[in-house]
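In: My questions concern the predicted model and sequence given below.
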Amino acid sequence: MRRHQLIALFVVALFSLSLIAAGCGGDKKAAAPAAPAASTMVLKLGETHPPDYPTTMGDKKFAELVTERTKGRIKVEVYPSSQLGEEKAVIEQLQLGAVAFTRVSSAPLAEFHKPLGVFSLPYIFDSSAHMWKFLESADGMKLLDGLQSARFVGLCYYDPGARSFYSTKPIKSLADLKGLKIRVQQNKINMDMISALGASATPMPYGQVFSALQTGVIDGAENNFPSYLTANHSQVAKYYLRDGHQRVPEVLIMSKAIWDKLTPEDQKIIKQAALDSVKTQRELWDKFEKESEAKVKAAGSTVTEVPDVKPWQAAVKPVIDKYGAEYKEVLEQIKKAR
């Protein structure tokens with residue numbers, strides 16, 4: 001029995017040695033392990049609007065250009081419809097470096113970079129052409145650069161259209177606004193403007209406006225035609241009063257914490273891709289604005305044009321007087337761009 005056990009152990013030992021020899025005697029010409037593929041940096045972009053909205057399409061064009069020009073080294077993923085949170089929450093995530101980009105109205109950004117608050121002042125632009133002449137000037141670009149002090153990098157402006165009022169109750173004149181609860185963006189100038197017009201300012205996140213209109217928490221809001229349509233506000237607030245009181249530019253911004261990790265070459269690519277995406281956004285905006293107006297009218301909304309904005313301008317003069325001094329330099333630059 002003992003002899004059989006010794007023989008068995010001997011056979012196992014021989015077999016093990018043969019395996020070791022086979023492993024050591026492999027083909028010396030075997031290929032070396034392949035070098036790991038270059039990693040792709042995936043960056044998130046938060047957007048409050050739906051996938052087919054002009055600003056979202058501008059975001060997507062920007063993402064496409066970044067991927068193309070970095071040859072896939074950097075990929076920008078666009079998250080529309082507030083998937084990453086409402087505007088203010090995403091702005092805070094950018095400061096922390098948790099999200100790379102967002103497209104946001106310049107109105108809430110004024111809380112972080114005060115000079116941007118100038119865009120909330122009513123009736124400062126005569127037209128879209130006047131606005132873009134200023135935004136694309138050296139002075140307009142300088143405003144974007146100032147965001148770095150708040151840990152953002154301003155990349156470009158997008159077309160916001162002109163904001164006007166809409167309500168669940170008939171509104172055809174300035175007098176009709178009196179006492180109405182109007183949702184505004186979350187900044188002091190907008191709140192003071194609404195109060196000066198005789199209404200009650202009610203700040204709240206954009207995503208809550210539909211239900212607030214539906215339940216009577218607010219009587220109205222103010223925005224452009226595409227937002228009025230795509231957010232379904234036109235379904236519950238059938239009266240649109242076009243006074244064009246504000247043109248508050250949209251801004252594409254990046255987290256400075258993430259920007260600082262990029263090479264100068266990639267920073268240049270991202271900045272230029274943003275600027276080049278503006279053409280796409282503006283073209284789509286112009287088309288969408290016309291289509292949106294036609295659709296809301298066809299669906300039963302009553303659209304009233306304000307024939308003379310002078311009474312409205314007179315009503316908000318206290319707001320201009322209150323805030324104009326701190327924006328004096330920028331207001332002069334805007335006047336020069338006429």
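Out: Structure received. Small disclaimer: the values here were computed from a predicted structure and weren't measured. Numbering: from 1, shown residues only.
In: The stretch 1-150 of the chain: strands as residue ranges?
Out: When assigned using DSSP state E, counting those that start in this stretch, the strands of the stretch 1-150 of the chain occupy the ranges 41-46, 74-79, 101-105.
In: Show the contacting residues for the most centrally placed residue in the chain.
Out: Against the mean C-alpha coordinate of the chain, by Cα atoms, centre = their mean, the closest residue is Arg103 at 1.4 Å. Arg103 makes contacts with 45-49, 55-56, 58-59, 158, 250-253, as judged by Cβ atoms under 8 Å, 6 or more residues apart in numbering. For every residue, glycine as well, the C-beta is placed using N, CA and C.
In: go again using 10 Å as the cut-off
Out: Neighbour list for Arg103: 45-49, 53, 55-56, 58-59, 62, 78, 80, 87, 90, 155-156, 158, 250-253, 281 [criterion: Cβ atoms under 10 Å, 6 or more residues apart in numbering].
In: From the residues you listed, list the buried ones, please.
Out: Using 16 or more other Cβ atoms under 10 Å as the burial test, the contacts of Arg103 include 45-49, 53, 55-56, 58-59, 62, 78, 80, 87, 90, 155-156, 158, 250-253, 281 as buried.
In: Could you count how many residues lie near Lys178?
Out: As a burial measure, Lys178 scores 11 neighbours (other Cβ atoms under 10 Å).
In: Then Glu111?
Out: For Glu111, the neighbour count with other Cβ under 10 Å is 15.
In: Quickly list what the residue nearest to the centre of the chain is bridged to.
Out: Leu252 (DSSP bridges).
In: contacting residues around the residue nearest to Gly58 when sequence neighbours are not counted?
Out: Sequence neighbours aside, Gln281 is the residue nearest to Gly58 in space, at 3.0 Å (criterion: Cβ to Cβ, 6 or more residues apart in numbering). The neighbours of Gln281, taking Cβ under 10 Å, 6+ apart as the test, are 53-62, 103, 156-159, 250, 252.
In: Mind doing that once more with 8 Å?
Out: With the criterion set at Cβ under 8 Å, 6+ apart, Gln281 makes contact with Pro54, Thr55, Met57, Gly58, Lys61, Tyr158, Asp159.
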